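[1] Predicted structure and sequence below. I'll ask about it afterward.
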Amino acid sequence: MPQQSSSTSSNPNEYATELVRLIQEEAQGASLGNPRWEIPVKQLFSRYRERRGGTPPEEPALAFESLQPQLLKGIWSGDVRVGFNAFTNALLFERVPSPEAFERYVEISGARFWGDLNQRISELSGFQFQTWVAEVLRNLPWIEKVAETRLTADEGVDFTAVINDEALGKILAIGQVKKTQKKIGASPIRDFVGTMVSTKPLPKVGIFVSLAGFTEPALRAIREAPIHIRTVDGRELVDWLCRYEIGVKRKQLPVLSLDSNFWNEISGPHP
């Protein structure tokens, strides 16, 4: 009777152990900047044969067959989850950050969001800023209609709007938009008041939008105006963007993690 090779006489569990070792090496050897990648099962088998000289062709397949139920559910190697994609016949590697790393990612992502948002707003021309403000107002639940005026003949009015008020019903409003580096002073407010008074039909509300905000003399002039003026600064515009998701997408990413204090009190610190 022919003598079997040492490879074929090995315990099948040894095959699987060797295959798991190769999978772990792949998982931990990849670049940290690579969050998701695949390798064909045939490639894994080839590495297996290189590692174990004289391996019969069926040995890695037998080892993989024993591991397949676990891979379909997903196995872990450090922070990498390894699964099996039966459609592509490949192993799928996905790097999953720890809850602490994820919290840090959210923090960094938030800082990037605010930086990107401020940059996009700052790059808008005066006309683009006026169009952007009008679009923001259109998406507010209490504003029914917004119409921009022509720049060549706006006569101090950048837009008109119809506001839905629960108590007063529909209210006609006119608005002005300023994108300046400095806060708006009292003089532009007085000019706006004059525009409102001369507008027919007489608007019930004025809306003055200033990206940089308003000086104290400007706020005093607003309080003394014969028609109510609603002030809107850059912070409130951004608040509207986020609250009503205007040009902003909110991602829900629920993440569960173990409360280490709870478990440590029961079983002691985890090694």
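    Sure, I can see it.

[2] Pop the domain breakdown of the protein in here.
    Per the record, the chain has its domains at 12-96, 117-244, by automatic domain parsing.

[3] how distant is the longest one from the center of its chain?
    On the basis of CA atoms, centre = their mean, to the nearest Å, domain 117-244 is displaced by 29 Å from the centre of the chain it belongs to.

[4] ditto for stretch 74-90
    26 Å.

[5] got the end-to-end distance for that stretch?
    13 Å (CA to CA, to the nearest Å).

[6] Just the mean pLDDT for it, thanks.
    For stretch 74-90, mean pLDDT rounds to 90.

[7] Can you list the buried residues in it?
    Judged by neighbour count (16 or more other CB atoms under 10 Å), stretch 74-90 contains these buried residues: 75, 80-84, 90. Backbone N, C-alpha and C define where each C-beta goes, glycine included.

[8] contacting residues around it?
    20, 23-24, 27-28, 30, 38-42, 68, 71-73, 91-98, 101 (CB atoms under 8 Å, 6 or more residues apart in numbering).

[9] Columns distance to residue 110 on top of the domains of the chain, output as JSON lines?
    JSON lines is the format used below for the domains of the chain (distance: least, CB to CB, whole Å):
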{"stretch": "domain 12-96", "distance to residue 110": "19"}
{"stretch": "domain 117-244", "distance to residue 110": "11"}
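
[10] Would you identify the least confidently predicted of the ones you listed, using mean pLDDT?
    Looking at these, the weakest mean confidence is domain 12-96, a mean of 87.

[11] out of the domains of the chain, nearest to residue 260?
    domain 12-96 (17.0 Å; CB to CB).
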